[in-house]
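Q: Okay, predicted coordinates and the sequence, questions at the end:
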Amino acid sequence: QSSVTLWGRLNTSVESQKFGNNDRMVAVQNNSSRLGFRGTEDLGGGLKASFNLEHGFKSDTGTLQTFGGPSNTFWSRQANVELSGDFGTVRLGTWFPDSYFSTVDRTSNHNHDTGTSSDALFSDFAFARRTNKVGYFSPTFEGFSFIVSAHAGEGAANDSRAFDLSANYEVAGLHVAATYAQADAVGAWAKHKAFGLESDYAFGPFLVTGYYQREQVDGFKSRDIGRLSAMYTLGQSEFHVNVGGTRSGSDGTFKNGGASQWTLGYNYNLSKRTKVYGFYTSIDYKDPVQNASSDNFKSSLAVGIRHNF
Amino acid sequence: QSSVTLWGRLNTSVESQKFGNNDRMVAVQNNSSRLGFRGTEDLGGGLKASFNLEHGFKSDTGTLQTFGGPSNTFWSRQANVELSGDFGTVRLGTWFPDSYFSTVDRTSNHNHDTGTSSDALFSDFAFARRTNKVGYFSPTFEGFSFIVSAHAGEGAANDSRAFDLSANYEVAGLHVAATYAQADAVGAWAKHKAFGLESDYAFGPFLVTGYYQREQVDGFKSRDIGRLSAMYTLGQSEFHVNVGGTRSGSDGTFKNGGASQWTLGYNYNLSKRTKVYGFYTSIDYKDPVQNASSDNFKSSLAVGIRHNF
Amino acid sequence: QSSVTLWGRLNTSVESQKFGNNDRMVAVQNNSSRLGFRGTEDLGGGLKASFNLEHGFKSDTGTLQTFGGPSNTFWSRQANVELSGDFGTVRLGTWFPDSYFSTVDRTSNHNHDTGTSSDALFSDFAFARRTNKVGYFSPTFEGFSFIVSAHAGEGAANDSRAFDLSANYEVAGLHVAATYAQADAVGAWAKHKAFGLESDYAFGPFLVTGYYQREQVDGFKSRDIGRLSAMYTLGQSEFHVNVGGTRSGSDGTFKNGGASQWTLGYNYNLSKRTKVYGFYTSIDYKDPVQNASSDNFKSSLAVGIRHNF
């Protein structure tokens, strides 16, 4: 009675991982595997109703990936319904912040910002506010579009109102974005703000990308985060390099002392849907105590398979 | 190799909600969203095997809706297999009490008995005994049919045997039902019984419905619950009114002091599958302390989208 | 955009169960119900990419079946991706030990090694190490094939490296297997080893099967486990007998004192996908204290439906 699309991705690697001063160990690693359902109904007059349900799971163990939600957060990546028309799209429910899709998601291309080589430095407080949202997606006008969303705090502990804004411009291989994310103060949670700028440019076999982000947390200093990446495509092969850093910082996490991250990656596309890949990724914390702590991931040498369905 | 149907519903609203004497707050609200699989195999000779798997989730956050089960109750709404033939249907597993489908489910039409405007007064102890059931669904004979089911207690704490009975008569726009639900005593749980009568009648653009329920809990007084609703359809629009009440009561919940609930609703059907809607719903507790408590939902003004797939 | 197969099984029975010296009680029982997605992509040149996602749930209550994993282990039965070619198959992720599929899975045919009549005596420590695996499946050469897999311990508490080996030979109704499973010592967990031999033979309406297993646990004595089963098929009917035993033993569980188990079963195949069945199954523990304990399942008389989709 309906035309629903099932889609998903398994992305699993075998890695030699190092944490702090611990010995290297072998691990089987999930890289943001997922399964989703989506559908659209044409309501006539240019109006459409759509839904997105997207479930995150660990392809190494089969357990749910909950992104800070309760352990039974099943549709952790997306659970939303929307109405679209000439006016744009109004969406209700759960989805990742659009400030993310306009910045980091476009600069971490070697393995789609997943797993041990994902961007560890980006200020991602907006992820925990991805639920209980109302959003508006503008139409695209001469390459320009924007997205605004508001998260209802609903009075739960440590849950405050949040806002997310993403403005995008695209023309002939060039993409430019400006973003803003804010989560209000509540209880022990200080007000957080993050401003972002991103650009990526594709020319011939090359794709170069970069972003700059500035995070401000009330009562702390601000910090700056930046990243550059490049991809060179040769037939079915892709060669990737990705470098990021953050300066002395703001928010009481490891980022306080600053950190840098770099990754070299190689992908071999067996088809449009399936690739095998390898990468080496490394993080250095400027604080020597953090750098040595066994809680902190340091580096990994990985080979993996990513299969879309 | 099989013909399985995927189906579901997202129903999400944005509401201005009030709890007790708290300030009004904005919330994104799930209204019993779900996703299910069902299939039927023709076994020949009039015999059929069927199954139902139905999963409840919160369309605002993506988390499971577990209806009092463990946090990892995934197929919380239905998990059953059945054999059908001329003799009727024998079903094993989990499903909501048929005494519910014959009564409240037919009288709370403005938003399908979901969310903040769902029936808050009905005695629903049978819901927690929806698992571990054996049921028999009779064939329909001259408009008459009945359903009986038994819940196996299986010796778990606070889990006793339960029974559910629903008798239905339908003819030319008229439906009449009589129901009985019982959950035996176990540990601190007193024996519960509930008797119900329901009728609904559709004529022209009108649908009027009502039920009466009497709940008896061993060691407490009994209580009475009643509800009336009406719908008027005009083109793609529906106008709804729904009023219910319960008198001084039985079971140690807020219902002790009695309560009343009313809802005004408007639906605009964009298609058979999709509607947008608005409603105002309010509950008053006769006990002033309960009425002021921030734990108790008082009222909401809502707009929402319901999309079936 | 993809060709994914949905498949599954509901297997639910109504049973009169006895635990230790407790009274018999009626229960609705799940028998390893499941739902899965699988898909294959042809990559050309004999190469294929495939995935398996298989979810275990309780068909009596709708809750997840987690096999010792965290409560939110959703794809508890399988979550893996693989590349196949002339060289065989390389698989990454979660799946049950192949030493199981080569032995017990082939000898517990009356109800597919599920529910109360499943094999209670087999040494199954390898099940908890089904996650975080890398496996290699050889091609079949003149009826011979083998499977090896390694589980990465990854430093979690009580999680050590494990290995699993299964060698199989099949010809004209005869199957012979030799297996080995090992889980290394970690913390209070002693090193476990299990050797297995299996054979099954189909001739005319008969299938006879048997296995022998020897379990060795460091610091304990070893124990021996054996099982024999037979099936006779007559039209749509199957008649089953299944007998197993273990001698004084090894691993600090009830198996210490030894135990025996027997089952008589009858299946009526309504179609290739659907059967109704009945069985009586009984376990006797040689230790009289264990035999009387209400924690220990003793026997059941069951009728049920199994429906594949």
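A: Looks like it came in fine.

Q: Skipping adjacent residues, who's closest to the residue of chain A found nearest chain C in space?
A: Chain C sits closest to A:Gly62 of chain A, with a gap of 3.5 Å, by CB to the nearest CB. Backbone N, C-alpha and C define where each C-beta goes, glycine included. Nearest non-adjacent residue to A:Gly62, counting by CB to CB, 6 or more residues apart in numbering or on different chains: C:Trp75, 3.5 Å away.

Q: for chain A, where's the lowest mean pLDDT among helices and strands?
A: Here the helix or strand of chain A ranked lowest by mean pLDDT, DSSP states H and E is helix A:288-292, holding a mean of 86.

Q: Tabulate the CA atom coordinates of that helix in CSV.
A: These are the backbone C-alpha positions of helix A:288-292, laid out as CSV (Å, rounded to 0.1, in the frame of the first residue of the first chain):
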residue,chain,number,x,y,z
PRO,A,288,51.2,15.2,28.3
VAL,A,289,48.9,13.6,30.9
GLN,A,290,46.0,13.4,28.5
ASN,A,291,48.3,12.1,25.8
ALA,A,292,49.4,9.2,28.0
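
Q: Assess the claim that the residue nearest to A:Gly62 and C:Leu64 are in contact.
A: No: contact between C:Trp75 and C:Leu64 fails when scored by CB atoms under 8 Å: they sit 9.9 Å apart.

Q: Now do the shared contacts for these two.
A: Listed as contacting both C:Trp75 and C:Leu64 by CB atoms under 8 Å, 6 or more residues apart in numbering or on different chains are C:His55.

Q: for chain C, what are the nearby residues on the stretch 201-309 of chain A?
A: Proximity of the stretch 201-309 of chain A to chain C (CB under 8 Å from any CB of the partner chain) is limited to residues A:Leu270, A:Ser271, A:Arg273, A:Thr274, A:Val276, A:Gly304, A:Ile305, A:His307, A:Asn308, A:Phe309.

Q: Contact partners for the first one?
A: The neighbours of A:Leu270, taking CB under 8 Å, 6+ apart as the test, are A:Gln236, A:Val276, C:Leu43, C:Leu47, C:Ala49.

Q: I'd like those written out as JSON lines, with pLDDT and neighbour count added.
A: Output for the contacts of A:Leu270, formatted as JSON lines (pLDDT from 0 to 100; neighbours: other CB atoms under 10 Å in any protein chain shown):
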{"residue": "A:Gln236", "pLDDT": "98", "neighbour count": "11"}
{"residue": "A:Val276", "pLDDT": "98", "neighbour count": "17"}
{"residue": "C:Leu43", "pLDDT": "96", "neighbour count": "16"}
{"residue": "C:Leu47", "pLDDT": "97", "neighbour count": "16"}
{"residue": "C:Ala49", "pLDDT": "97", "neighbour count": "25"}
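
Q: Secondary structure for those residues - can I get that in TSV?
A: Listed next are the contacts of A:Leu270 as TSV, based on DSSP: H, G, I helix; E, B strand; the rest coil:
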residue	secondary structure
A:Gln236	coil
A:Val276	strand
C:Leu43	strand
C:Leu47	strand
C:Ala49	strand
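
Q: Let me have those residues in TSV, extended by distance to C:Ala230.
A: What follows is these, written out as TSV (distance: CB to CB, whole Å):
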residue	distance to C:Ala230
A:Gln236	54
A:Val276	47
C:Leu43	44
C:Leu47	42
C:Ala49	41
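
Q: so who does A:Glu238 touch?
A: A:His110, A:Met231, A:Tyr232, A:Gly265, A:Tyr266, A:Asn267, A:Tyr268, A:Asn269.

Q: from the chain's centre, how far out does stretch A:128-137 sit?
A: Taking the mean of its C-alpha atoms, stretch A:128-137 sits 15 Å from the chain's own mean (CA atoms, centre = their mean, to the nearest Å).

Q: which residues of chain A fall in helices?
A: For chain A, applying DSSP state H gives helices covering A:98-101, A:104-107, A:288-292.

Q: closest to C:Leu53 out of those helices?
A: Smallest distance to C:Leu53 across the helices of chain A (CB to CB): 24.3 Å, for helix A:104-107.

Q: For the closest one, name the packing helices and strands.
A: Contact analysis of helix A:104-107 by 3 or more CB pairs under 8 Å, 6 or more residues apart in numbering or on different chains; DSSP states H and E lists strand A:192-203, strand A:206-217, strand A:223-234 as its packing neighbours.

Q: Quick one: those as JSON lines, columns for mean pLDDT and mean neighbour count too.
A: Listed next are those as JSON lines, based on pLDDT from 0 to 100; neighbours: other CB under 10 Å:
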{"stretch": "strand A:192-203", "mean pLDDT": "97", "mean neighbour count": "19"}
{"stretch": "strand A:206-217", "mean pLDDT": "95", "mean neighbour count": "19"}
{"stretch": "strand A:223-234", "mean pLDDT": "96", "mean neighbour count": "18"}
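
Q: For the stretch 1-150 of chain A, just list every one of the strands.
A: Ranges of strands in the stretch 1-150 of chain A, per DSSP state E, counting those that start in this stretch, are A:4-19, A:25-30, A:33-44, A:47-57, A:78-85, A:88-95, A:133-137, A:144-151.

Q: Same list (those) but as JSON lines, adding distance to chain B.
A: Formatted as JSON lines, the strands of the stretch 1-150 of chain A follow (distance: least, CB to the nearest CB, whole Å):
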{"stretch": "strand A:4-19", "distance to chain B": "5"}
{"stretch": "strand A:25-30", "distance to chain B": "18"}
{"stretch": "strand A:33-44", "distance to chain B": "5"}
{"stretch": "strand A:47-57", "distance to chain B": "4"}
{"stretch": "strand A:78-85", "distance to chain B": "4"}
{"stretch": "strand A:88-95", "distance to chain B": "4"}
{"stretch": "strand A:133-137", "distance to chain B": "6"}
{"stretch": "strand A:144-151", "distance to chain B": "8"}
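
Q: so who does the spatially closest residue to A:Ser118 that is not a sequence neighbour touch?
A: Spatial nearest neighbour of A:Ser118, excluding adjacent residues (CB to CB, 6+ apart): A:Ser108 at 6.2 Å. Applying CB under 8 Å, 6+ apart, we find A:Ser108 in contact with A:Ser117, A:Ser118, A:Asp119, A:Arg227, A:Ser229, A:Asn242.

Q: quick one: which of those is nearest to chain B?
A: A:Ser118 (20.7 Å).

Q: Contact partners for that closest one?
A: A:Ser32, A:Ser108, A:Asn111.

Q: Please report the distance of the residue lying closest to the first one once chain neighbours are set aside from chain B.
A: Spatially, and ignoring its direct neighbours in sequence, A:Ser32 is nearest to A:Thr114 (3.7 Å; CB to CB, 6+ apart). A:Thr114 sits 19 Å away from chain B, taking CB to the nearest CB, to the nearest Å as the criterion.

Q: show me what contacts A:Thr114?
A: Applying CB under 8 Å, 6+ apart, we find A:Thr114 in contact with A:Asn11, A:Asn31, A:Ser32.

Q: out of the residues you listed, which is most surrounded?
A: The most crowded member of these, judged by other CB atoms under 10 Å in any protein chain shown, is A:Asn31 (26 neighbours).

Q: Quick check: which ranges of the stretch 101-250 of chain A have low pLDDT?
A: When residues are selected by pLDDT under 70, those of the stretch 101-250 of chain A lie in A:249-250.

Q: So which residues on it come close to chain B?
A: Contact residues, the stretch 101-250 of chain A versus chain B (CB under 8 Å from any CB): A:Thr131, A:Asn132, A:Lys133, A:Val134, A:Ala152, A:Gly153, A:Glu154, A:Gly155.

Q: Neighbour-wise, which one of these leads?
A: A:Asn132 leads these on contacts (other CB under 10 Å) with 27 neighbours.

Q: Near A:Asp42, how many other residues are there?
A: For A:Asp42, the neighbour count with other CB under 10 Å is 10.

Q: For stretch A:301-308, what is the distance to the chain centroid?
A: Mean C-alpha position of stretch A:301-308 versus that of the full chain (CA atoms, centre = their mean) differs by 18 Å.

Q: What average pLDDT does that stretch get?
A: In this model, stretch A:301-308 carries a mean pLDDT of 98.
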